[in-house]
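Participant: take a look and give me a structure for this.
(4 chains)
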Number of protein chains: 4
Amino acid sequence: MSLCRLLLAVVAALLLLNASEGLKNVAILGASGYTGAELMRLLHNHPEVNVQVLTADRSAGQEFKTIYPQFSYKSNLPKLSKWEDSKNEITKCDVAFCCLPHGTTQEIISTLANEAPKLKIIDLSADFRLKDVNEYEKWYGKAHTAPKLQTEAVYGIPEINRKDIKNARILANPGCYPTAAQLPLVPLLQAGAISSEDIIIDAKSGTTGAGRAPKEAFLFCEVADGIHAYGVASHRHAPEIEQQLGAACNKNNVIVNFTPHLMPMSRGILETIYVKLTNGKTAADLKNILIEKYKDEQFVHVLDGATLPQTRFIRGSNLCMMNVVQDRVPGRAIIVSAIDNLMKGASGQAVQNMNIMLGFPENMGLNISPVFP
Amino acid sequence: MSLCRLLLAVVAALLLLNASEGLKNVAILGASGYTGAELMRLLHNHPEVNVQVLTADRSAGQEFKTIYPQFSYKSNLPKLSKWEDSKNEITKCDVAFCCLPHGTTQEIISTLANEAPKLKIIDLSADFRLKDVNEYEKWYGKAHTAPKLQTEAVYGIPEINRKDIKNARILANPGCYPTAAQLPLVPLLQAGAISSEDIIIDAKSGTTGAGRAPKEAFLFCEVADGIHAYGVASHRHAPEIEQQLGAACNKNNVIVNFTPHLMPMSRGILETIYVKLTNGKTAADLKNILIEKYKDEQFVHVLDGATLPQTRFIRGSNLCMMNVVQDRVPGRAIIVSAIDNLMKGASGQAVQNMNIMLGFPENMGLNISPVFP
Amino acid sequence: MSLCRLLLAVVAALLLLNASEGLKNVAILGASGYTGAELMRLLHNHPEVNVQVLTADRSAGQEFKTIYPQFSYKSNLPKLSKWEDSKNEITKCDVAFCCLPHGTTQEIISTLANEAPKLKIIDLSADFRLKDVNEYEKWYGKAHTAPKLQTEAVYGIPEINRKDIKNARILANPGCYPTAAQLPLVPLLQAGAISSEDIIIDAKSGTTGAGRAPKEAFLFCEVADGIHAYGVASHRHAPEIEQQLGAACNKNNVIVNFTPHLMPMSRGILETIYVKLTNGKTAADLKNILIEKYKDEQFVHVLDGATLPQTRFIRGSNLCMMNVVQDRVPGRAIIVSAIDNLMKGASGQAVQNMNIMLGFPENMGLNISPVFP
Amino acid sequence: MSLCRLLLAVVAALLLLNASEGLKNVAILGASGYTGAELMRLLHNHPEVNVQVLTADRSAGQEFKTIYPQFSYKSNLPKLSKWEDSKNEITKCDVAFCCLPHGTTQEIISTLANEAPKLKIIDLSADFRLKDVNEYEKWYGKAHTAPKLQTEAVYGIPEINRKDIKNARILANPGCYPTAAQLPLVPLLQAGAISSEDIIIDAKSGTTGAGRAPKEAFLFCEVADGIHAYGVASHRHAPEIEQQLGAACNKNNVIVNFTPHLMPMSRGILETIYVKLTNGKTAADLKNILIEKYKDEQFVHVLDGATLPQTRFIRGSNLCMMNVVQDRVPGRAIIVSAIDNLMKGASGQAVQNMNIMLGFPENMGLNISPVFP
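Facilitator: Numbering: from 1, shown residues only, chains lettered A, B, ... in the order given. Sure, this is the predicted structure:
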């Protein structure tokens, strides 16, 4: 070990002594679900944060390791508490991650934003993603109760609008399907390389996307060894995708075909996207636009040659992999993108956003290689 | 038990005594693969046939139950032999099923058709499906060696061209992906209800479709817990689909987008098909056309209401289930169809075709309910 | 088609005209669970029975095909009803299958047995399996409310006590784990070839065994890609196994080690059973005892040579496959047995028992080959 | 960020400038298999090592990311080369990991040990695990060609013989099954708490254990949705287990029953171990012995209360979780242990051993939380 490295070790040791002093405190609201557990996996190895509060509803009062025994080898994790009982503590935190059902989310975030104006809130629900309150009401069946905060909230995919995220107080963390769609489509629409009028997104999702609440449809025997489409022409991620694609090409009436499928994998989203080329563009042009756009990004990668993304290539990581193929139908191309729905599609992106909001290196705590097989 | 039923029992008992006399003898060439094993599952409980010959290449000389121990409780199954060594016996059979690799198939079928002109041949390979020899050469990289037989061969999906099948000598059994596509699309094209110019078929397949030959890409760890597209814009089932859809609407230049995906299920194909409506048609119109078309069919079923097909609903059976949904994009509809690739997509349809060719009730030996879960 | 076969066809056709007259009517109580659906799969193709009543609790009022769309291609299935609302109809049936939770079962069967003394009742729950009411109370936490019927009930595995089944009014259909254990162990204990004092049963089960009720522990993501033991030293199938093994060797204090595991497969039980040989017996001796015992049985098969059973070899069928291996530890042998928990472990065996009770051929409606892959 | 943390950042930045100078160079021989890829996942994020050489046989000449596209987002990985072509470079490395087939391994390691006496060799094959050359010959069918090195090699599980590992030149990295067995059994045998004469190890393994070579038995369709025992009473990990358990209790004739099963999961081993208690010990005593033994270990964890290990709890991590249950059979206990076969069962343990051999903190590069779901 060189002298220099030795010095590092000494400094590191010193730091450990007063480590908790300088750390940012975070709360995870709704920690008993899969996105909550994934946040724990990430934050708990993050060198600059301390997980201070974990809330849950039905599981309140239990140890976190009781409901997620994979953390049982860790000591000193906070117990799960009702959010009301921990409100004081939450308001003293630096960051609160909200993994709560929609509706509930509005109410709690309103309270927190009011009582703790400096608290950074990263919301993993859908409640603050749609900018148009009418659109929200149409898709969610009731009026939004915090329209002001909805306006304030910043919808954030770092690779697309990094600057806006930096100063956000309330961050609307994007949905899993919309993330996998926007990463390839936004730059292509911005470049005017594809038509906004004929986009078909055929999406295949793993089952963590459905959450941990016990429902017959997500029992092992109902999901294993088969596939089906669901929410066809009616999934709530459609307006989110449309809002963002519309923004990318300055149109406010983009309508996409978005067809999600549920399949037997735990993590992962694969989107096969069918687009019409404009202005004589080719698939190779699309690929070049994407390569150029993401050449300095750590988490978004355009695959070489004809290699197509597999969800296995990115499992457990914060990566998005993509590629473009020329369709045999003239004037058409096929784009495939893959993310881990719990990582780049939820908790990984949330931590990436947190890093930006707190001024940490964007990949801190996220240098996790994919797990394969 | 009523007298009448008793009588039946007596007759049945008598029949058992001389059963093998009246049975049709069949040969399965290439019996060691999954489609061969599936034919065995069906034929071996079929009341009118006797499996007389089983051929294999590398496994020749072995007992069938050695390579498929699920049949070990059955006695008297023929041993696997090299096809050359059983040629005499095959030519004396009534029907030969060919589950051989393409190329090899042409050669063997030419020989059999020449030496045994009365033999009914049902070919499960792709060798006799394309009518245009140039198209064959283009997609398979070498000239077809039996172009005359290719002309003679009948491409047969009973629900679509039952009459042609009846008198076929050489039956080109359709591919799995093309079957799942044609069953909904052919009637709609025939009715002029959808455009032939903008058809996108996003297909998801189980792994039996890849066969039993050991390849890295189909190892458990390479397929489990993930999904990927393959053969994008280059899969050999595309020209088969295009030929048949073209025939349905009397055009010879139909080009479709066909994107297959491999996923972790053993059996099943789900196709999500995106179509453009013509002449003011609606999704409801499409559904009515399909209901009308298939109302008397046993194996093709249009689901009620908004229920969408799952591969689990038809696993192990000869069924095709389908439904139609109005897209949010105006003028578009989404069709979903599901089959078991080894059944309606291969061996089940082959037996259905055999039943027609031999004059048996079409569902004989195929009254098998789906296995769920 | 020979004349004889033609005659059969004519008789069969005549029969179809008055078929429903001679058929036995059956009710399935608790038809919404997996064993209920499996009974439907079997009975509905059974040539001598008519499914007359289907009951359910939460799903009452719905069409059966709404909850099991794989049956949607069938018409004329009875609607699901509350059992109280169909009591009259049930009492007029010939057979009632009870797929109800324990506790409830006792109450309903008491009522039915009282009001319809001729009704044959086949109970798939655990309520009538234990002969000792104290043992029942110990394991189920409350006194049995129908001890007389408990005494009357016949515990029935056809291959073991076929004669007792014939005249049973109330048939206690064995548990899945106990069936896979008894088929190899009972003959060996009866022959005095193994010790009753050192039996270790390591069992691996598919997830249908847990039923269709939504519980977190059986969600896809909690079961996929992993395995765990559960109910160790406390599973309620242990006393059932011990009672039956004790009966086989005339001891009433047999205690076995029984350790079940839950794993990612839909159907199937594999039991790896570790036994001590007695009286100088070898593994080959054990195998010969089993071969001799089951040589005329259609559903129980001892595999040749060193081939070990896989659950895949019997999936979807009523088969039990088994084999015996000499352990490297002197004086020990390893037995492996496999069944489909929904078939030979539940509904298949129930139909086999019904066939015996009604005087039909034992394999009627059960000639179903395994589905592989 | 406190001043102290700022200082750290500066030091770290300085370090990055000359980082590669101080790093240890490692070679991975046989990098194309799953253990090779797992080593890459670990080493490539390890702060003190640089992966300098990757060898392969059939894949030589290809980019590593061609065969493992999950690494395609990384640049500057060495190309795969034939080991002969990189011999010079390997001999200059600090550490060589050998993930080669047995037999080949002996030959290559002999060469390397001869030509580069200072090279640390960590062998993941079975070639240097058995101390008795006769035993090796008996189980592997031919004489060992490097008996001297076999004597020199240190068999290393850090939690059991950490001291021996420190100075090893050739480290025999333990097998996956033996690791999961020894971690609970060695301390119990050393404490005289269980009998060495009646140990039954029923093991369930994921499919990565079978490697990446294409074989029919490991195709998706042959592994999915089922389970089977294999290598019963004949698996080559049995003598390894027996050697090590014998050493723990100073007996040289320990014979265990070891029965492995293959099941549909990618990673993970679960061992359910049946033991006889000695000297009046109880299951609680066993548990206390294990808690005491592992209380300061980071990677081995005895679960609280009745929580039983699941392979999901440790997937992707270097953890071993275990627990003990009192059997209902008097005088017996059941131990369950779980590891990830690619991590604590292979590559993770190899890196842990490397850390010890090179004087790094034992958990460097291994602070990876389990991935669940």
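Participant: per-residue pLDDT, the closest residue to chain B within the stretch 51-200 of chain A?
Facilitator: Shortest the stretch 51-200 of chain A-to-chain B distance, computed as C-beta to the nearest C-beta: residue-wise this is A:I200, at 5.3 Å. (C-beta placed from N, C-alpha, C; glycine too.) What the model reports as pLDDT for A:I200 is 98.
Participant: burial count for it?
Facilitator: By other C-beta atoms under 10 Å in any protein chain shown, 24 other residues sit near A:I200.
Participant: pretty sure it is touching A:Y274, no?
Facilitator: Yes. Counting by C-beta atoms under 8 Å, A:I200 does reach A:Y274; the two are 4.2 Å apart.
Participant: in chain A, which segments are predicted with low confidence?
Facilitator: A:1-21 (pLDDT under 70).
Participant: try 90
Facilitator: A:1-21, A:73-76, A:102-103, A:252, A:279 (pLDDT under 90).
Participant: now do the helices in it.
Facilitator: Per DSSP state H, chain A carries helices over the ranges A:3-17, A:19-22, A:34-43, A:64-67, A:87-91, A:104-115, A:133-140, A:147-152, A:158-166, A:176-190, A:220-223, A:237-249, A:283-294, A:348-358.
Participant: turn those into JSON lines, including mean neighbour count and distance to chain C.
Facilitator: Below are the helices of chain A laid out as JSON lines (neighbours: other C-beta atoms under 10 Å in any protein chain shown; distance: least, C-beta to the nearest C-beta, whole Å):
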{"stretch": "helix A:3-17", "mean neighbour count": "13", "distance to chain C": "34"}
{"stretch": "helix A:19-22", "mean neighbour count": "13", "distance to chain C": "33"}
{"stretch": "helix A:34-43", "mean neighbour count": "26", "distance to chain C": "7"}
{"stretch": "helix A:64-67", "mean neighbour count": "20", "distance to chain C": "9"}
{"stretch": "helix A:87-91", "mean neighbour count": "17", "distance to chain C": "26"}
{"stretch": "helix A:104-115", "mean neighbour count": "18", "distance to chain C": "20"}
{"stretch": "helix A:133-140", "mean neighbour count": "15", "distance to chain C": "24"}
{"stretch": "helix A:147-152", "mean neighbour count": "15", "distance to chain C": "31"}
{"stretch": "helix A:158-166", "mean neighbour count": "17", "distance to chain C": "27"}
{"stretch": "helix A:176-190", "mean neighbour count": "25", "distance to chain C": "15"}
{"stretch": "helix A:220-223", "mean neighbour count": "26", "distance to chain C": "4"}
{"stretch": "helix A:237-249", "mean neighbour count": "22", "distance to chain C": "20"}
{"stretch": "helix A:283-294", "mean neighbour count": "18", "distance to chain C": "30"}
{"stretch": "helix A:348-358", "mean neighbour count": "25", "distance to chain C": "17"}
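Participant: contacts only, for A:S86.
Facilitator: A:A27, A:V53, A:T55 (C-beta atoms under 8 Å, 6 or more residues apart in numbering or on different chains).
Participant: rerun that using 10 Å as the cut-off
Facilitator: By C-beta atoms under 10 Å, 6 or more residues apart in numbering or on different chains, A:S86 lies in contact with A:A27, A:L29, A:Q52, A:V53, A:L54, A:T55, A:A60, A:P78, A:K79, A:L80, A:C93.
Participant: who's in contact with A:Q52?
Facilitator: Applying C-beta under 10 Å, 6+ apart to A:Q52 gives the contacts A:23-28, A:78, A:86, A:89-90, A:92-96.
Participant: which residues of the stretch 51-200 of chain A lie near chain D?
Facilitator: A:E63, A:K65, A:T66, A:Y68, A:P69, A:Q70, A:F71, A:S72, A:Y73, A:K74 (C-beta under 10 Å from any C-beta of the partner chain).
Participant: D:N279 versus the fourth one, what's the distance?
Facilitator: Right, the one you point to is A:Y68. For A:Y68, the distance to D:N279 equals 38 Å [C-beta to C-beta, to the nearest Å].
Participant: next: A:L130.
Facilitator: In this view, A:L130 and D:N279 are 69 Å apart by C-beta to C-beta.
Participant: and these two? Which one has more around it.
Facilitator: Neighbour totals were compared for A:L130 and D:N279, and A:L130 leads with 24 against 10 (other C-beta under 10 Å).
Participant: nearest residue to the more buried one other than its sequence neighbours?
Facilitator: Using C-beta to C-beta, 6 or more residues apart in numbering or on different chains and skipping the chain neighbours, the partner closest in space to A:L130 is A:Y136 (4.6 Å).
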